[in-house]
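Enquirer: Give me a model of this one.
(one chain, ligands or ions: 1)
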Amino acid sequence: MTDDKSYHMTPDEFREHGYAVVDWIADYMNRVESLPVLSQVKPGDIRAALPTAPPESGESFGVMLKDLDDIILPGITHWQSPNFFAYFPANASGPAILGDLLASGLGVQGMLWLTSPACTELETHVLDWVAKMLDLPDKFKSTTSGGGGGVIQHTASDASLCALLTARERATKFTSNSTGINRKLIAYTSTQAHSSIEKAMMIAGLGKNNLRLIDVDQTMAMKPPELEAAIADDLEDGLKPCFVCATVGTTSSNAMDPLPEIGEICRRYGIWLHVDAAMSGTAALCPEFRHIHAGLEFADSYCFNPHKWMFTNFDCDCFFIADRAALINTLSILPEYLRNEATASGAVIDYRDWHVPLGRRFRALKLWFVIRHYGIQGLQHHIREHIRLAQEFADWICADDQFELAVDPPLNLVCFRHIRGDEINQRIMDDLNRSGKIYLTHTKMNDKLTLRMSIGQTHTRYRHVERAWQLIRETAGGLDS
Ligand code: PLP
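Expert: Predicted coordinates:
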């Protein structure tokens, strides 16, 4: 009889606990606004509350859920709070969470078309939808004769790494995967680019010292003449320029690199242009903000993160490439155990060849649910609202003689500071974050500590932004006196 013994959760038990979990999440959505945004625990607090040894015999689900409240929740920084204004958002939504739950329920590993055709075909289709929704150049769609297409990557860091690896291979006529790199390949990005580009240089074996950081103008955008001068210098020194990464919406201040001029230079010198629009790309859902993508027709690859601002919970980066054959040539290896008729026919996409890992989750499901739930109009409505709130916040800053803008906000990130220097800005931020009422982070611009008000959480409304501004002014006033 012991043969029948099972420790597994039965479908009926799953149903019961699943309902409890969904209830828990719905309650969390209702109360998240009242929780301290930045976790108030100290290093080691969470581990100290956990048993040192794992349980010998299984525990009840109710106890686990209780520990979630008692032990884990105090150690959560609430990214889904409407009072979260730090970093860039990582927003989520009901349809995304449910899509992710279904992806877990299906438990698909979609490395090959064969291992779940729907996982692959839905992804190709939804990424073509996304390209259409953002009005990206046709070359990034899977349906164009040029052979482009999109894939969901884990993060923008992975997307940029794949772009760099493909640029490296193209620059070495697809030999460096076999022979290693036998000449110095040089890449370029601005001083304001995300650190993932430097990391990609390290991982790709190009060396971070071979990444030229190009100077920026007063809006913090890359200066094209300086890019061209750096390329010319490297060519004169016998080096091989192979990759430029331009940013649409830098992490520090949301600066927009001028794609038309940068693209023109890349085309002239035959250099791969990758565009990183991790957060700001989502703004192109609205026709009035599509100017951020002017010049994208020059790009070889492009990425943005629905997991930042498009209501799709982490992880979901959309990576588009104009020449998918180059990417596949860079990343494909086919061991015997993965060979199959569909792959051999050449009629299907095997996404394992489009990124670093072999295995992959069914992430297209949550993106599909988000797009279908909101519709293009619903997404546009919320993006417009976030940008409107940020612009209004910027107006309040301009109207207050104690505060100033560090730079005009192009979209939904406002960089500002108290006029009395770094110390008071640091104290305003620390006091506010310690209060748990809102969460703000900072950057340095022109060597001055600058506060960042990043507006993109799913449920942030006017009243949250208004209260944040009131708290900032009150805190500054208290410190002043
Ligand atoms: N690129 C830019 C412009 C970013 O702002 C960020 C993160 O904020 C990244 C890349 C890295 O994003 P990910 O966490 O998806 O790698």
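
Enquirer: you'd agree residue 283 is up against residue 386?
Expert: No - at 9.0 Å, residue 283 and residue 386 do not qualify as touching, with contact defined as CB atoms under 8 Å. Every C-beta, even on glycine, is put in place using the N, C-alpha and C of the backbone.

Enquirer: Can you list the low-confidence ranges for the stretch 1-150 of the chain?
Expert: Along the stretch 1-150 of the chain, segments meeting pLDDT under 70 span 1-3.

Enquirer: Assign a three-state SS to the residue of it found nearest the ligand, would you?
Expert: For the stretch 1-150 of the chain and the ligand, the shortest gap (CB to the nearest ligand atom) falls at residue 88, measuring 4.7 Å. What DSSP: H, G, I helix; E, B strand; the rest coil gives for residue 88 is coil.

Enquirer: what touches both of residue 283 and residue 386?
Expert: 309, 412 (CB atoms under 8 Å, 6 or more residues apart in numbering).

Enquirer: thinking again about what came up before, next up, the contacts around the residue nearest to the residue of the stretch 1-150 of the chain closest to the ligand when sequence neighbours are not counted.
Expert: Nearest residue to residue 88, sequence neighbours excluded (CB to CB, 6 or more residues apart in numbering): residue 279, at 4.3 Å. By CB under 8 Å, 6+ apart, residue 279 lies in contact with 88-89, 249, 251, 254, 304-305, 308-309, 413, 456.

Enquirer: burial of the residue of the stretch 1-150 of the chain closest to the ligand, as a residue count?
Expert: Neighbourhood size, residue 88 [other CB atoms under 10 Å]: 20.

Enquirer: Thought residue 277 was touching it, still the case?
Expert: No - if you go by CB under 8 Å, residue 88 and residue 277 don't touch, sitting 11.6 Å apart.

Enquirer: where exactly do the strands run in the stretch 251-400 of the chain?
Expert: For the stretch 251-400 of the chain, the strands defined by DSSP state E, counting those that start in this stretch occupy 272-276, 301-304, 317-321.

Enquirer: Show me the contact partners of the shortest one.
Expert: So the one you mean is strand 301-304. So strand 301-304 is in contact with 134, 136, 140, 153, 156, 159-160, 162-163, 166, 272-282, 296, 317-322, going by CB under 8 Å, 6+ apart.

Enquirer: Could you list which of those residues also contact the ligand?
Expert: Filtering those for proximity to the ligand (criterion: CB under 6 Å from any ligand atom) leaves 156, 276, 278-279, 317.

Enquirer: related to what we said a few turns ago, any residues in contact with both of residue 88 and residue 277?
Expert: Joint contacts of residue 88 and residue 277 (CB under 8 Å, 6+ apart) do not exist.

Enquirer: and which of the contacts of residue 279 is nearest to the ligand?
Expert: For the contacts of residue 279, the closest approach to the ligand (CB to the nearest ligand atom) belongs to residue 251, at 3.5 Å.

Enquirer: What parts of the stretch 51-200 of the chain come near the ligand?
Expert: Near the ligand, when you scan the stretch 51-200 of the chain using CB under 6 Å from any ligand atom, you find 88, 155-157, 194, 196.

Enquirer: that older thread, show me what contacts the residue of the stretch 1-150 of the chain closest to the ligand?
Expert: Residue 88 neighbours (CB under 8 Å, 6+ apart): 251, 278-279, 308-309, 413, 454, 456.

Enquirer: Select only the buried ones of the residues you listed in ChimeraX?
Expert: Selecting only the buried entries of these in ChimeraX, with 16 or more other CB atoms under 10 Å as the criterion:
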select :251,278,279,308,309,413,454,456
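
Enquirer: Including distance to residue 21 and pLDDT, could the contacts of residue 88 go into a markdown table?
Expert: A markdown table is the format used below for the contacts of residue 88 (distance: CB to CB, whole Å; pLDDT from 0 to 100):
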| residue | distance to residue 21 | pLDDT |
| --- | --- | --- |
| 251 | 34 | 98 |
| 278 | 30 | 98 |
| 279 | 30 | 98 |
| 308 | 25 | 98 |
| 309 | 26 | 98 |
| 413 | 34 | 98 |
| 454 | 30 | 98 |
| 456 | 26 | 98 |
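
Enquirer: Measure how buried residue 122 is and give me the count.
Expert: By other CB under 10 Å, neighbour count at residue 122 equals 18.

Enquirer: you'd agree it is up against residue 364?
Expert: Yes - using CB under 8 Å, residue 122 is in contact with residue 364, at 4.6 Å.

Enquirer: where along the stretch 351-481 of the chain do the helices fall?
Expert: Using DSSP state H, counting those that start in this stretch, the helices of the stretch 351-481 of the chain run over 364-399, 422-435, 462-480.

Enquirer: typo on my end, it should be the stretch 1-150 of the chain
Expert: Under DSSP H, counting those that start in this stretch, the stretch 1-150 of the chain gives helices at 11-31, 45-48, 61-67, 94-106, 117-133.

Enquirer: Read off the pLDDT value for the residue nearest to the spatial centre of the chain.
Expert: Centroid-nearest residue in the chain, with CA atoms, centre = their mean: residue 305, separated by 3.9 Å. Per-residue pLDDT puts residue 305 at 98.

Enquirer: my guess is it contacts residue 316, does it?
Expert: Yes - if you go by CB under 8 Å, residue 305 and residue 316 touch, sitting 6.8 Å apart.

Enquirer: The stretch 251-400 of the chain against the ligand: which residues are in contact?
Expert: Listed as neighbours of the ligand in the stretch 251-400 of the chain under the rule CB under 6 Å from any ligand atom: 251, 276, 278-279, 305, 317.
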